[in-house]
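In: Got a predicted structure here, sequence first:
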Amino acid sequence: RALGRIGDARAVEPLIRALGDGYEQVRCAAARALGEIGEVQAVEPLIRALGDGDERVRYAAAWALGRIGDAQAVEPLIRALGDGDEQVRYAAAWALGRIGDARAVEPLIRALGDGRIRHAAARALGEIGEVAVEPLIRALGDWDERVRHAAAWALVKIGQAAVEPLIRALGDERVRREAAWALGEIGDAQAVEPLIRALGDWDERVRHAAAW
C-alpha cells in the first residue's frame, strides 16, 4: 500500500512478484498499488490476476487495469463481466469505461441486463461514446433510480449525438422526465420547442424537469 502511494516505478517488479504471495490480502494490496503506479509493464501480470481464486484480488486487478488504461486489458475485462462475483463484474465494467475501447460496447450493452452492475455498465457506455445512445435511452426507464441516473449522465456525456434521440424520448411515458433533464444538461437549442411542449405534460415531475 505504501509503495502504491509513493508511486515510484522501481516498485513495479517487487509488486508483480507480490501478486504471487500466499496471502490474499497481500495480493490484493499489490494489485491496487500497481494500479496506482500505472506502469504498462504491470498489465500482463494483472490480467493473470483476473483469474485469482480470491474475488477481492480479481476486483483489485480489474480496478488496477482500469487505472492503467491499456487496451491489452479489454478482452480479459470483457470476460470478467461474466465473473461469478458482482463486485468483480462492477470493477470490470468501470475499467472498460475508463479504457474507452469500442470493443466493449456490445458486452456492456448486454451488461445493462445484469441486475447488479447495470448502473456501472451505463456509466461505462457514456465514457465510450455515441454508439450506445439507443440502449442508454431504454435504460432511462429502468426501475432502479441509480440506473436511470447513470444512463442520463451517460447521455449527457455523449452530448450532441444524443440530442435527437432524447427529443424523441420526450414522447415516451417511461423516460420523459429523465430525457428532459438530460436535454437541459446538454444545452442544445434544438430541444427548446419540444421542452416547451413538455411544459403541458400531465405529470408534474415532467413539467418541473422541462422548466428546469
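Out: Nice, I can see it. Numbering: from 1, shown residues only.
In: and the residue nearest the centre of the chain, what does it touch?
Out: For the chain, the residue lying nearest the average C-alpha position, counting by Cα atoms, centre = their mean, turns out to be residue 124 (2.5 Å). By Cβ atoms under 8 Å, 6 or more residues apart in numbering, the contact set of residue 124 is 93, 94, 96, 97, 104, 108. For every residue, glycine as well, the C-beta is placed using N, CA and C.
In: rerun that using 6 Å as the cut-off
Out: Residue 124 makes contact with 93, 96, 97, 108, according to Cβ atoms under 6 Å, 6 or more residues apart in numbering.
In: Settle this for me: the first one is touching residue 121, isn't it.
Out: Yes. Proximity of residue 93 to residue 121 meets the contact threshold set by Cβ atoms under 6 Å, at 4.8 Å.
In: who has more neighbours, those two?
Out: Remark: of residue 93 and residue 121, residue 121 carries more neighbours, 34 against 31, as counted by other Cβ atoms under 10 Å.
In: Could I get the pLDDT score of the more buried one?
Out: The confidence metric pLDDT takes the value 97 at residue 121.
In: Which residue, other than its chain neighbours, is closest to it?
Out: Distances taken as Cβ to Cβ, 6 or more residues apart in numbering put residue 111 closest to residue 121, at 3.8 Å, once the chain neighbours are dropped.
In: can you check residue 8 too?
Out: For residue 8, the nearest residue in space outside its immediate sequence neighbours is residue 37; the separation is 7.4 Å by Cβ to Cβ, 6+ apart.
In: can you check residue 92 too?
Out: Nearest to residue 92 is residue 80, by Cβ to Cβ, 6+ apart, at 3.8 Å.
In: now swap in residue 179 and tell me
Out: Closest to residue 179 by Cβ to Cβ, 6+ apart is residue 169, at 3.9 Å.
In: Tally up the residues packed near that neighbour, please.
Out: 24.
In: The one 3 residues further on now?
Out: In terms of burial, residue 172 registers 14 neighbours under the definition other Cβ under 10 Å.
In: again, but for residue 185
Out: Using other Cβ under 10 Å, the number of residues around residue 185 comes to 14.
In: Distance check, it against residue 205.
Out: 17 Å (Cβ to Cβ, to the nearest Å).
In: Also residue 83?
Out: Relative to residue 205, residue 83 is positioned 37 Å away (criterion: Cβ to Cβ).
In: ok, those two, which is more surrounded?
Out: More neighbours surround residue 83 than the other of residue 83 and residue 205, with 20 against 11 (other Cβ under 10 Å).
In: ok, and the closest non-adjacent residue to the more buried one?
Out: The shortest distance from residue 83 to any residue that is not its chain neighbour, by Cβ to Cβ, 6+ apart, is 5.3 Å, and that residue is residue 89.
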